[in-house]
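*Asks:* Curious how this folds, go ahead:
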Amino acid sequence: METRRLRRLLLTQNMPSAMMSELCTTQALEPRRPRASPQLRRAAEQITALVNAWSDGLAQAIAAPNLFLDVTLAQRRMTMEALHAEVGACRSGAPTLDHALRGELRLTCERGALSAAVDLAPTKPPRLQRANIERAGEPPVQGNPLRRPK
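*Replies:* Numbers count the residues shown, from 1 in each chain. Down below sits the predicted model:
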């Protein structure tokens, strides 16, 4: 956009609407892209660690109070161990974000991939309130209580 045109817009009394109109017509506005919060990036690392080697202590340390209400700790442990037996060791990539505390993780594994829908509770510190984990691009593991609700 020309500097003179911007300067002229800044000097008009209708600056906000004129600027916005100009930005829209010139397609100079780009959609805001959410960034993963440090807590969500850390949760991705912790979920990957749980897939690779389950730990009740780690699971309890990162969980919000409601995480184990629908799917108990024991059920999550059994499901994660079954998924790990199927896919082997995993590593996580960058999350696809809905916002800073919610996203989808893709874990690349030795024998396939996993997908994890993750929500952190808006608490201090943010804790894991949802972690729906399933095989990526394949039908969910039979009886997997961690799969996404349809």
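*Asks:* rest of the way, CA atoms for contacts and neighbours
*Replies:* OK.
*Asks:* May I have the phi/psi pair for the residue lying closest to residue 90 once chain neighbours are set aside?
*Replies:* In space, and not counting its chain neighbours, residue 90 is closest to residue 109: 4.0 Å by CA to CA, 6 or more residues apart in numbering. For residue 109, the backbone dihedrals are phi -120, psi 170 (criterion: degrees, to the nearest 10).
*Asks:* could you point out where this structure is predicted with low confidence?
*Replies:* Counting by pLDDT under 70, the chain has low-confidence residues at 1-20, 23-24, 28-29, 31, 138-150.
*Asks:* about what we covered before: and the residue nearest to residue 90, how many neighbours?
*Replies:* 17 (other CA atoms under 10 Å).
*Asks:* likewise residue 79?
*Replies:* 21.
*Asks:* mind checking which helix or strand it is in?
*Replies:* helix 73-87 (DSSP states H and E).
*Asks:* Mind giving me the packing neighbours of that helix?
*Replies:* helix 38-52, helix 56-62 (3 or more CA pairs under 8 Å, 6 or more residues apart in numbering; DSSP states H and E).
*Asks:* in stretch 73-89, what's buried?
*Replies:* Using 16 or more other CA atoms under 10 Å as the test for burial, stretch 73-89 gives 76, 77, 79, 80, 81, 83, 84, 86, 87, 88, 89.
*Asks:* Now tabulate those in CSV and tack on distance to residue 136.
*Replies:* Listed next are the buried residues of stretch 73-89 as CSV, based on distance: CA to CA, whole Å:
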residue, distance to residue 136
76, 18
77, 19
79, 15
80, 14
81, 16
83, 11
84, 13
86, 12
87, 11
88, 14
89, 15
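*Asks:* can you give me the helices in the protein?
*Replies:* 3-11, 15-25, 38-52, 56-62, 67-70, 73-87 (DSSP state H).
*Asks:* and the last one with helix 38-52, angle?
*Replies:* Orientation of helix 73-87 against helix 38-52 (axes from the mean of the first three to the mean of the last three CA atoms, to 10 degrees) gives an angle of 70 degrees.
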